[in-house]
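# Next input, structure requested:
(2 chains)
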There are 2 protein chains.
Amino acid sequence: MLLVPDLNEHSKTPYYIQLYDYLAKAILGGTLQSGTRLPSIRRLAALCGISATPVELAYQQLLAEGFIASKPRSGYYILPVRREGSPAAGERPSPAPRPITPRDPRHYTYDFHMSRNDFSLFPHKIWRSLYQEQLANPDLLQYGDPQGEPALRASIAAHLRQFRGLRCTEKQIVIGGDQYTLCSLVCLLLKGRMSGLGIEDPGYHLLPAAFRRSGYEIKPIPLEEDGLQLDKLYSSGADAVYISPSHQYPRGMTMPISKRLALLEWARSTGGYIIEDDYDGEFRYHGRPIPALQGLAESSPVIYMCSFAQSVTPALCIHYMVLPEELLPDYHSLRSELYLEHSASRLHQIALHYFMERGHFEKHLRRMRLLYQRKHDLLLRSIRQHFGAAAVLSGTDAGFHLLLSFKPPAAEAGTRVSNRASISTSAKELAAVAEAEGIRVTPMSYTWWAKPEYDEPEFILGFGGIAEDLIDEGIRRLAGAWLG
Amino acid sequence: MLLVPDLNEHSKTPYYIQLYDYLAKAILGGTLQSGTRLPSIRRLAALCGISATPVELAYQQLLAEGFIASKPRSGYYILPVRREGSPAAGERPSPAPRPITPRDPRHYTYDFHMSRNDFSLFPHKIWRSLYQEQLANPDLLQYGDPQGEPALRASIAAHLRQFRGLRCTEKQIVIGGDQYTLCSLVCLLLKGRMSGLGIEDPGYHLLPAAFRRSGYEIKPIPLEEDGLQLDKLYSSGADAVYISPSHQYPRGMTMPISKRLALLEWARSTGGYIIEDDYDGEFRYHGRPIPALQGLAESSPVIYMCSFAQSVTPALCIHYMVLPEELLPDYHSLRSELYLEHSASRLHQIALHYFMERGHFEKHLRRMRLLYQRKHDLLLRSIRQHFGAAAVLSGTDAGFHLLLSFKPPAAEAGTRVSNRASISTSAKELAAVAEAEGIRVTPMSYTWWAKPEYDEPEFILGFGGIAEDLIDEGIRRLAGAWLG
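So this is what the prediction gives:
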């Protein structure tokens, strides 16, 4: 057997790895056939002109990986590795790291996207120091409570009781790294308890999409002026409903108390569940926040979902839900059945706990509310000024967006809209016209579950992300682009 | 109508909230009936002896929440809110925050738990400075790429190609906050492509449990000395298989190259998938790490799963998987269908990217390997010294645990084991005996999917978490407790 690998003494790769690579490749490639005896360690070392140690290390590695076997007092033999028709193991790709692909999102001078936030008030110093404080605690580096840190759960429960009117304890709170993870748990928890989920249409689709994927039937329920059409829900056959009562997404109405109580009564009498999405419930600009539906009754059959994405930053990846007490035993079974681990960083969880406990969160919320209120009011004024009667606004006074229905002046309508296939095309085209001017607005059509045949030119205008001093100019240009 | 709320001028609660609370309670409680007209703002202000502003604010809030309606030129009227039999809205619970419930895990002086790690080498300073660096970038506080930060994905792909032998690019990598989240995505991705999942028995159950919950059939496949019994897999009807080839959990064997290639061939010829769990693949103590199965073929039908939980810390909540290229289009559809958001903190993701790019990760891995190697070797020596022939070890030389089969000496066996119902009871009781001495060892029985009728007294001994200077004493005491 002629086998003298050409070792490179100037390479950074040690001899034993060069040898291992050479032999493994020869075995996988079929050059070294099964049953072949390898030269003894001493002999191969002599042939290569190196010491015995690297050869021994290479053989040990081949042995560990099952390329060769050792027969006592006989030596090392190649094992059968390739089968007829088994896949060829080609060259390994070069280990040189690829250049990092930078994300290159489209740039908008006037970005009215609804899921962008303003972080000019983010408390960098406080957060940095809270994070450092946690980093010094080696216990926090171990695995934590899959349900979320008890300390943070207690802080969240206290906050919800005090500021959102919930009736809950930390035992009912489950923390997760994103909304999907929590939704997928809810899908599992409600299995066998329900089969049809009523949803607001238009609405937000993350949770319904997860439910549909889990085999639930989705029943889109139309809205009326003050929210869900209850009679349509009752007759839909749904046995659970997903709503955003504080500030409906995207229409922005607040569900009145009578409807809330009627929904609770419906859930009670049918054994159904209400999933309450309160993502922007902390943000109301003229008046106090609307208390959550969950708190309107003892032991209400409500799964309440919220997060710190809007109130602090999505970069923390801390979302949570409040489960009804009756679901807790099943949650605990599920947790052990699925071997769940914590999905939100413990360092962030405990830093956030102290952020809340030491009063920073409340203060931050107050400052954010004032900032967003200024932007909200400015956006409203600008639209009224530059659009006049051509724009109808809804869903104002809360959250991070409003809804703009664009009505081109009558004279314009004939020339501008009539030659288009449908009004829905028009909404897309109007967004494209805006984009050409560096302005991002989002047609609300994507929030329809059951897409209507004709789609009004309605747009979601977020005011969270855009800088205050760009709002008026952005709207002035938008009106100019659309009204000509 | 006699309605003079007793406002408390010394309360911290502003008048308008006191008024709102009073009126909302009166409406919910039925004291103020539907249709009742409220006093005018000016009149109620005069009755209460306060200015008009707080009354107006209270009315605005009641209006927004749907408790009352305003009729032009007439005043404010109570709306119908209570229905027959609708749930009573009782007192809101006290807003006083509850005391934080401290977690009180059992304390073990000698903790051989397999999922505890050693963080004495955690690079606090470097991590702190990397985190601060990211915190200063306001862009990172916005929502990020749901698949994971492209920069981190590129660093991971480069690392995997260089050190784990994978063939992959950053496009195939998906980052998640925990393993369950990634598993639930895999369950959705493979829907319709497979129905039965073969698993190693004994093995690790997180992924199989998620698959079972998603409606897949789980086919436990027994192990032989070098891993999965392939003939049993082939005849099981499984069309996907979940394995840990680098270091089987919990038995610790390495799957030889012939079996790896045979599995790839099986997957190719049946259109099946291999899910490779490589959670401890970086940690091998005598020889180089075993390259991953994924890299043995071009475009291999392997879903590779790993995380930074063991190599850095579980507190970051950064897990990842490498998808076969053929699944990427479906992953992208799923991502938009489910409105997925990033589930691992962007601050941690980018900090980790620089940790890798600047060479800290490699250096940290080397130091961790040396540390764990010392502990591993020490544990091995201690067991051999204190147990002698009473212990048989397996699964050594890698990972964070080894398997100890306890064989009480023949003389003892009669008195110690014979009066117990089964050997399985004995394993539990031996663990209890250890616990009484402050020692935690875990019976390996929990790793059986199909529990055998008689369970050998085998134990998983983790060496990651226990301090080096406690290992020998812990094992000496364990031997003392068990051998008498």
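
# List the contacts of the most centrally placed residue in chain A.
Central residue check for chain A by Cα atoms, centre = their mean: the C-alpha nearest the mean position is that of A:Asp178, 4.7 Å away. Counting by Cβ atoms under 8 Å, 6 or more residues apart in numbering or on different chains, A:Asp178 makes contact with A:317, A:319, A:343, B:177, B:181, B:340-343. Backbone N, C-alpha and C define where each C-beta goes, glycine included.

# In a markdown table: those residues, plus pLDDT.
Output for the contacts of A:Asp178, formatted as a markdown table (pLDDT from 0 to 100):
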| residue | pLDDT |
| --- | --- |
| A:Cys317 | 97 |
| A:His319 | 98 |
| A:Ser343 | 96 |
| B:Gly177 | 97 |
| B:Thr181 | 96 |
| B:Leu340 | 95 |
| B:Glu341 | 95 |
| B:His342 | 95 |
| B:Ser343 | 96 |
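
# Give me the subset of those residues that lies in helices.
B:Thr181 (DSSP state H).

# Tell me the one among the contacts of A:Asp178 nearest to B:Gly438.
A:Ser343 (31.8 Å; Cβ to Cβ).

# what's the burial count for the closest one?
When neighbours are defined as other Cβ atoms under 10 Å in any protein chain shown, A:Ser343 has 27 of them.

# Quick check, it in contact with A:Tyr180.
No. Taking contacts as Cβ atoms under 8 Å, A:Ser343 lies outside contact range of A:Tyr180: 10.3 Å.

# and for those two, which residues touch both?
Contact criterion Cβ under 8 Å, 6+ apart; residues bridging A:Ser343 and A:Tyr180 by contacting each: B:181, B:343.

# what domains does the record give for chain A?
For chain A, automatic domain parsing gives the domain ranges A:15-78, A:110-115+A:364-483, A:124-360.

# what residue ranges in chain A score low on pLDDT?
Low-confidence segments of chain A, defined by pLDDT under 70: A:1-3, A:82-106, A:410-425.

# so who does A:His348 touch?
Here A:His348 is in contact with A:131, A:316-318, B:345 (criterion: Cβ under 8 Å, 6+ apart).

# any idea how far it is from A:Pro443?
According to Cβ to Cβ, to the nearest Å, A:His348 and A:Pro443 sit 35 Å apart.

# what do you get for A:Leu261?
As judged by Cβ to Cβ, A:Leu261 and A:Pro443 stand 35 Å apart.

# hmm, back to that, now the residue nearest to the centre of chain A: closest residue in space, sequence neighbours ignored.
Nearest non-adjacent residue to A:Asp178, counting by Cβ to Cβ, 6 or more residues apart in numbering or on different chains: B:Ser343, 3.6 Å away.

# ok, now which ones touch that neighbour?
A:177-178, A:180-181, A:317, A:343, B:146, B:175-178, B:181.

# ok, the residues you listed vs B:His113, which is closest?
Of all the contacts of B:Ser343, B:His113 sits closest to B:Asp178, with 19.0 Å by Cβ to Cβ.

# on that earlier part again, out of A:Leu261 and A:Pro443, which sits in the busier spot?
Taking other Cβ under 10 Å, A:Leu261 and A:Pro443 do not tie; A:Leu261 has more neighbours (23 against 19).

# Hmm, A:Ala344 is touching B:Ala315, no?
No. If you go by Cβ under 8 Å, A:Ala344 and B:Ala315 don't touch, sitting 10.1 Å apart.

# sorry, back to before: and the contacts of A:His348 as JSON lines, adding distance to A:Glu170?
Output for those, formatted as JSON lines (distance: Cβ to Cβ, whole Å):
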{"residue": "A:Tyr131", "distance to A:Glu170": "22"}
{"residue": "A:Leu316", "distance to A:Glu170": "19"}
{"residue": "A:Cys317", "distance to A:Glu170": "20"}
{"residue": "A:Ile318", "distance to A:Glu170": "15"}
{"residue": "B:Ser345", "distance to A:Glu170": "22"}
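
# rewinding a little: filter the contacts of B:Ser343 down to the ones in strands?
Within the contacts of B:Ser343, residues falling in strands by DSSP state E are B:175-176.

# Would you mind listing what in the stretch 301-450 of chain A touches chain B?
Residues of the stretch 301-450 of chain A found near chain B (Cβ under 8 Å from any Cβ of the partner chain) are A:309, A:313-317, A:337-348, A:357, A:397.

# which non-adjacent residue is nearest the residue in the stretch 101-250 of chain A that chain B sits nearest to?
Across the stretch 101-250 of chain A, the shortest distance to chain B (Cβ to the nearest Cβ) belongs to A:Gly177, at 2.8 Å. The shortest distance from A:Gly177 to any non-neighbouring residue, by Cβ to Cβ, 6+ apart, is to B:Gly177 (2.8 Å).

# Am I right that A:Lys363 sits in a helix?
Yes. Assigned with DSSP: H, G, I helix; E, B strand; the rest coil, A:Lys363 falls within a helix.

# gap between A:Gln248 and A:Tyr304?
In terms of Cβ to Cβ, A:Gln248 sits 16 Å off from A:Tyr304.

# ditto for A:Ile275
For A:Ile275, the distance to A:Tyr304 - Cβ to Cβ - is 8 Å.

# does A:Asp381 count as helix, strand or coil?
No, residue A:381 isn't Asp; it's Arg. For A:Arg381, the assignment made with three-state DSSP gives helix.

# A:Leu393 contacts A:Ile383, doesn't it?
Yes. The criterion here is Cβ under 8 Å, and A:Leu393 meets it with A:Ile383 at 6.3 Å.

# Any chance you could list residues touching both of the two?
Counting by Cβ under 8 Å, 6+ apart, the shared contacts of A:Leu393 and A:Ile383 are A:Leu404.

# Look at the two and report which has more neighbours.
Taking other Cβ under 10 Å, A:Leu393 and A:Ile383 do not tie; A:Ile383 has more neighbours (23 against 16).

# right, and the more buried one touches A:Ile475 too?
Yes. Counting by Cβ under 8 Å, A:Ile383 does reach A:Ile475; the two are 5.7 Å apart.

# Good, wrapping up.
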